[in-house]
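Engineer: Okay, here's the prediction I keep looking at, along with the sequence it came from:
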Amino acid sequence: MVRDDLCITVPTFFRCPISLDVMKSPVSLCTGVTYDRSSIQRWLNTGNNTCPATMQVLQTKELVPNRTLQRLIQIWSDSLRHQPVSDPLPSPDQILQAIADLDTRNRFVSITKLLQFAEYSQENKLFLAKMDGFLNQLVGFLDNVDAGVTCGVEFLEKVVKLLGLVLDNIEDRSGLKNSTLKEKKQSLDSLLLVLRRGSSDSKIASARVLQFFAVDAESKLLIADKEGLVTELLTLATPEKDPALIENALASLVAIATPKRNKLKLVNLGAVKTLAKLLKEPSLGVAMVEKVLKLVETASSTREGRREICEDEACVAAILNKVLKVSSVATEHAMTTLWSVCYLFRDHKAQEAVTQANGLTKILLLMQSNCSPQVRQMCTDLLKIFRVNFKSCLSSYDTKTTHIMPF
């Protein structure tokens, strides 16, 4: 490393060996040495046929753009505009070395540097995501669950957190999923280990990675079939946990819940009781309520799930309580569940619970709101089941507003 007159640290290999200025368009000769294009072109145009740094005779004068180095220089240059000159700058000259050191005993130090690099900016995340072979290295560490023992769980936590940071910039999602779940199935052991023993941040990252990999029915089944994984996600979705952790655990469960086998597994592991507890929490955020209701709706599509829902009157009342109070998405999930248990499968306990919770009035109000055609039809079906006397029902609802009768 060297410093210029303004005391800004300039990575040595950012400088052209000829001009000693930061390269604007780095290109490499066949000798492997990189120069700024304008400088090396002037050297060659004067009739020289050797590499200025090594003095080797050039077999070819072809100039190959060094895209990786150019991106690093761009990242470094951008960082100068966001920091005072006196502040310590990131060290991009160490990034390539850190990646190379991932296969050595210095891997813990290297993964720490790379994690700090990724956390610094979105551009850094994009750079790592596009680095050839880098993601495969991370996935390789996930496959080696023993690293959690030999290097400590902290190492796997950093790997998972780093992978979580670059997820949104990965283009070949299916390819990475295949290499992780099909060829390297032990990666789920690592993710489960982090979910069980990691910090809150690393658990969140692990849950995000699971969501990312759940791209099709096959991957959803592979994830859910991992012994203990769904149980751990349900444990992390309990009310006493950190809200961000709860939301990401719920998102992972939503992502894998589509196949019928997974739905049944969720129900058999007590998901309905866990979700009912969450619905009773007054401080639950909108996004979390939507995910909880989505999972309840998923459970209601199975006979076992409907039985669990209908056996708990408080659960039915809690579902009804979210109608019109959270969001249109939450309302649709809630009404789909109520329609499923009360109308489609005619469960008398569920019907009684809706009646006791003043559900008929809420259904009428919902029909007069700006709800979707699907929700309006479900309301109509439910009112038919309850055989409402509309005049007597509305007579107790004292208002000067002109109401539109359901039919």
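Structural biologist: Perfect, I can see it now. Bear in mind that the values here come from a model prediction, so they are computed numbers and not experimental data.
Engineer: Now do the residue nearest the centre of the chain against Leu195, distance only.
Structural biologist: Centroid check for the chain by CA atoms, centre = their mean gives Arg208 as the closest residue, at 3.4 Å. Using CB to CB, to the nearest Å, Arg208 is found at 11 Å from Leu195. Placement of C-beta: from N, CA and C, glycine included.
Engineer: Lys241 too?
Structural biologist: Using CB to CB, we find Lys241 at a distance of 12 Å from Leu195.
Engineer: who's more crowded, these two?
Structural biologist: Neighbours were tallied for Lys241 and for Leu195 using other CB atoms under 10 Å; the higher tally belongs to Leu195 (25 against 15).
Engineer: Strands of the stretch 51-200 of the chain, start to end?
Structural biologist: Taking DSSP state E, counting those that start in this stretch, the strands of the stretch 51-200 of the chain run over residues 64-65.
Engineer: any weak-confidence spans in it?
Structural biologist: Within the stretch 51-200 of the chain, the ranges that satisfy pLDDT under 70 run 79-93, 144-152, 172-175, 177-180, 182-185.
Engineer: all helices for it, in order.
Structural biologist: Along the stretch 51-200 of the chain, the stretches classed as helices by DSSP state H, counting those that start in this stretch are 67-80, 95-100, 107-120, 122-130, 134-143, 147-150, 153-166, 173-177, 187-197, 200-213.
Engineer: and the fifth one, what other elements does it pack with?
Structural biologist: Other elements packing on helix 134-143 under the criterion 3 or more CB pairs under 8 Å, 6 or more residues apart in numbering; DSSP states H and E are helix 153-166, helix 187-197.
Engineer: try 10 Å
Structural biologist: If contacts are counted by 3 or more CB pairs under 10 Å, 6 or more residues apart in numbering; DSSP states H and E, helix 134-143 sits against helix 107-120, helix 122-130, helix 147-150, helix 153-166, helix 173-177, helix 187-197, helix 200-213.
Engineer: Repeat that for the fourth one.
Structural biologist: Packed against helix 122-130, as judged by 3+ CB pairs under 10 Å, 6+ apart, are the following elements: helix 67-80, helix 95-100, helix 107-120, helix 134-143, helix 153-166.
Engineer: before we move on, the earlier item: can you lay out the helices and strands packed on helix 134-143 as JSON lines showing distance to Ser252?
Structural biologist: Below are the helices and strands packed on helix 134-143 laid out as JSON lines (distance: least, CB to CB, whole Å):
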{"stretch": "helix 107-120", "distance to Ser252": "22"}
{"stretch": "helix 122-130", "distance to Ser252": "21"}
{"stretch": "helix 147-150", "distance to Ser252": "20"}
{"stretch": "helix 153-166", "distance to Ser252": "12"}
{"stretch": "helix 173-177", "distance to Ser252": "14"}
{"stretch": "helix 187-197", "distance to Ser252": "9"}
{"stretch": "helix 200-213", "distance to Ser252": "5"}
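Engineer: To Ser28, which of those lies closest?
Structural biologist: helix 122-130 (18.6 Å; CB to CB).
Engineer: okay, the angle between the closest one and helix 134-143?
Structural biologist: 80 degrees (axes from the mean of the first three to the mean of the last three CA atoms, to 10 degrees).
Engineer: Could you check the angle helix 122-130 makes with helix 153-166?
Structural biologist: Angle, helix 122-130 to helix 153-166, by the same axes, to 10 degrees: 100 degrees.
Engineer: For Arg208 and Leu195, list the residues in contact with both.
Structural biologist: Listed as contacting both Arg208 and Leu195 by CB atoms under 10 Å, 6 or more residues apart in numbering are Val160, Ser252.
Engineer: Assign Tyr35 to helix, strand or coil.
Structural biologist: Secondary structure state of Tyr35, per DSSP: H, G, I helix; E, B strand; the rest coil, is strand.
Engineer: Does it touch Pro17 like I think?
Structural biologist: Yes: contact criterion CB atoms under 10 Å: Tyr35 and Pro17 qualify, at 6.1 Å.
Engineer: More neighbours: which of those two?
Structural biologist: For Tyr35 versus Pro17, neighbours defined as other CB under 10 Å are more numerous around Tyr35 (25 against 17).
Engineer: Give the full set of residues in contact with that one.
Structural biologist: Applying CB under 10 Å, 6+ apart to Tyr35 gives the contacts 16-19, 23, 25-29, 41, 43-44, 51-53, 63, 66.
Engineer: In helices, which of the residues you listed fall?
Structural biologist: Under the assignment DSSP state H, these contribute Gln41, Trp43, Leu44 to helices.
Engineer: With adjacent residues omitted, what lies nearest to Leu44?
Structural biologist: Distance criterion CB to CB, 6 or more residues apart in numbering; nearest residue to Leu44, sequence neighbours excluded, is Lys61 at 5.7 Å.
Engineer: What is the burial count for the one you found?
Structural biologist: Lys61: 12 surrounding residues under other CB under 10 Å.
Engineer: Surely it and Asn49 touch.
Structural biologist: Yes: proximity of Lys61 to Asn49 meets the contact threshold set by CB under 10 Å, at 7.4 Å.
Engineer: one step back: hey, what's in contact with both of Lys241 and Leu195?
Structural biologist: What both Lys241 and Leu195 touch, as defined by CB under 10 Å, 6+ apart, is the set Lys203, Thr235, Ala249.
Engineer: Kindly reformat those as a markdown table containing distance to Val267 and pLDDT.
Structural biologist: As requested, those are arranged in a markdown table below (distance: CB to CB, whole Å; pLDDT from 0 to 100):
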| residue | distance to Val267 | pLDDT |
| --- | --- | --- |
| Lys203 | 24 | 95 |
| Thr235 | 16 | 95 |
| Ala249 | 17 | 95 |
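Engineer: you'd agree Lys260 is up against Ala299?
Structural biologist: No: using CB under 10 Å, Lys260 makes no contact with Ala299, being 11.6 Å away.
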